[in-house]
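In: attaching a predicted model along with its sequence, questions to come.
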Amino acid sequence: MPAEEATPAIVLRTRDYLESDRIVTLLTEQAGKLGGIAKGAKASRRRFEHRLEPFSHVMLYFRRRPHGQLVFITRAEAAGLPPFRLEDDLGRLALGAYMLELAEALTSEDAEASGAYHLLAEALAALGAGDATTALRQAYELRLFRWAGFGMQFDRCRMCAETQAGPAAVYFIIGRGGIVCARCRERAPEGGIGRGAARAAALGELGGRPWADAAAATAAGADGALAIARFIASVVDRKLRSVEFLDSVIAPATRA
Ligand SMILES: [Zn+2]
């Protein structure tokens with residue numbers, strides 16, 4: 001029998017299986033994204049203590065199986081890991097659900113994802129401690145993109161590398177991974193989203209702020225939100241189910 005492994009993990013998604021089992025998708029610190037089956041999860045409070053729900057932060061114990069995708073989850077414990085407190089607040093639950101779904105979309109099984117686990121844990125902790133704001137959403141999106149290798153540049157032109165500042169117009173072009181200045185714009189025929197350079201740079205800065213300040217920061221406004229949404233659509237090959245609800249709860253344009 002394969003050895004039992006243990007790792008901190010955040011539950012992304014669950015579904016019931018047969019009478020008493022549960023299939024769980026988790027983002028773990030040590031073992032990347034994992035799908036597992038928890039036999040008897042609905043009955044055994046001793047082994048699972050109701051801890052396998054979305055947002056659960058647990059020490060996960062599991063064994064790999066020689067065949068098949070799902071690992072065998074043996075138990076899950078709180079083990080002193082901080083819980084994420086999103087209850088009773090629609091905005092927090094909506095943004096939290098989106099954070100889980102985006103993390104799932106940008107990670108793959110059998111690939112290291114320790115950085116993504118830590119980003120998600122920090123973002124959910126910040127969300128539990130403060131308000132669900134568009135700025136916090138964007139801070140998380142920008143960090144997770146950077147972790148996934150899609151670092152975007154907002155303060156210098158992707159073509160001539162000149163630093164952009166002030167009220168000058170720049171154009172956010174997804175295929176070039178950032179902004180293009182007005183002078184280079186003619187040589188970049190792709191569709192772009194125009195905005196002031198200072199606001200573009202502020203968007204970049206949002207991705208580097210401490211979590212404690214992110215929720216209260218100024219969000220990147222409707223054009224920044226549109227640029228990010230288009231970027232997500234270009235790298236994630238499915239529609240994120242939580243987005244529509246999130247946009248109806250905290251509208252990106254209202255906190256510009
Ligand atoms: Zn340029």
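Out: Looks like it came in fine.
In: where in this protein is pLDDT low?
Out: Applying pLDDT under 70 to the chain flags the ranges 49-50, 252-256.
In: spell out which parts of the stretch 51-200 of the chain neighbour the ion.
Out: The stretch 51-200 of the chain comes close to the ion at residues 157, 159-160, 181, 184, as judged by Cβ under 5 Å from the ion. Placement of C-beta: from N, CA and C, glycine included.
In: partners of the helix or strand containing V24, with directions?
Out: Element membership for V24 (DSSP states H and E) is strand 21-28. As defined by DSSP bridges, the strand partners of strand 21-28 come to strand 5-17 (antiparallel), strand 33-38 (antiparallel).
In: can you map out the helices along the stretch 51-200 of the chain?
Out: 90-106, 114-129, 134-147, 197-206 (DSSP state H, counting those that start in this stretch).
In: now do the contacts for E4.
Out: 61-63, 74 (Cβ atoms under 8 Å, 6 or more residues apart in numbering).
In: whichever of the residues you listed end up buried, select them in PyMOL.
Out: Of the contacts of E4, the buried ones go into a single PyMOL selection, burial set by 16 or more other Cβ atoms under 10 Å:
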select buried, resi 61+62+74
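In: between the contacts of E4, which is closest to the ion?
Out: Using Cβ to the ion, F62 comes nearest to the ion of the contacts of E4, at 50.4 Å.
In: kindly state the beta-bridge partners for the nearest residue to the closest one once chain neighbours are set aside.
Out: Distances taken as Cβ to Cβ, 6 or more residues apart in numbering place V71 nearest to F62, at 4.5 Å, with adjacent residues excluded. For V71, the beta-bridge partners are G36 (DSSP bridges).
In: any figure for the gap between V71 and D213?
Out: The gap separating V71 from D213 is 38 Å, by Cβ to Cβ, to the nearest Å.
In: same check on L70?
Out: Look at L70 and D213: by Cβ to Cβ, they are 40 Å apart.
In: also G177?
Out: Relative to D213, and taking Cβ to Cβ, G177 is found at 26 Å.
In: so L70 and D213 - more neighbours on which side?
Out: Applying other Cβ atoms under 10 Å to L70 and D213 shows that L70 carries more neighbours, namely 17 against 14.
In: send the alpha carbons of the strand holding V24 over as CSV?
Out: What follows is the C-alpha trace of strand 21-28 in CSV, where atoms were taken according to Å, rounded to 0.1, in the frame of the first residue of the first chain:
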residue,chain,number,x,y,z
ASP,A,21,-18.8,9.2,-0.1
ARG,A,22,-17.6,12.5,-1.2
ILE,A,23,-15.4,13.5,-4.1
VAL,A,24,-13.3,16.5,-3.2
THR,A,25,-11.0,18.8,-5.2
LEU,A,26,-8.3,20.5,-3.2
LEU,A,27,-5.4,22.9,-3.6
THR,A,28,-2.6,21.6,-1.5
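In: contacts for it, please.
Out: Contacts for strand 21-28 (Cβ under 8 Å, 6+ apart): 7-17, 33-42, 52, 60, 70, 73, 103-104, 107, 113, 116-117, 120.
In: rewinding a little: can I get the contacts of E4 in JSON lines with distance to K239?
Out: What follows is the contacts of E4, written out as JSON lines (distance: Cβ to Cβ, whole Å):
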{"residue": "Y61", "distance to K239": "34"}
{"residue": "F62", "distance to K239": "30"}
{"residue": "R63", "distance to K239": "34"}
{"residue": "T74", "distance to K239": "35"}
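In: for R47, which non-adjacent residue is closest in space?
Out: The shortest distance from R47 to any non-neighbouring residue, by Cβ to Cβ, 6+ apart, is to R75 (4.2 Å).
In: picking that back up, quick one: buried ones out of the contacts of strand 21-28?
Out: Among those, the ones that count as buried by 16+ other Cβ under 10 Å are 7-12, 14, 17, 33-39, 41-42, 52, 60, 70, 73, 103-104, 107, 113, 116-117, 120.
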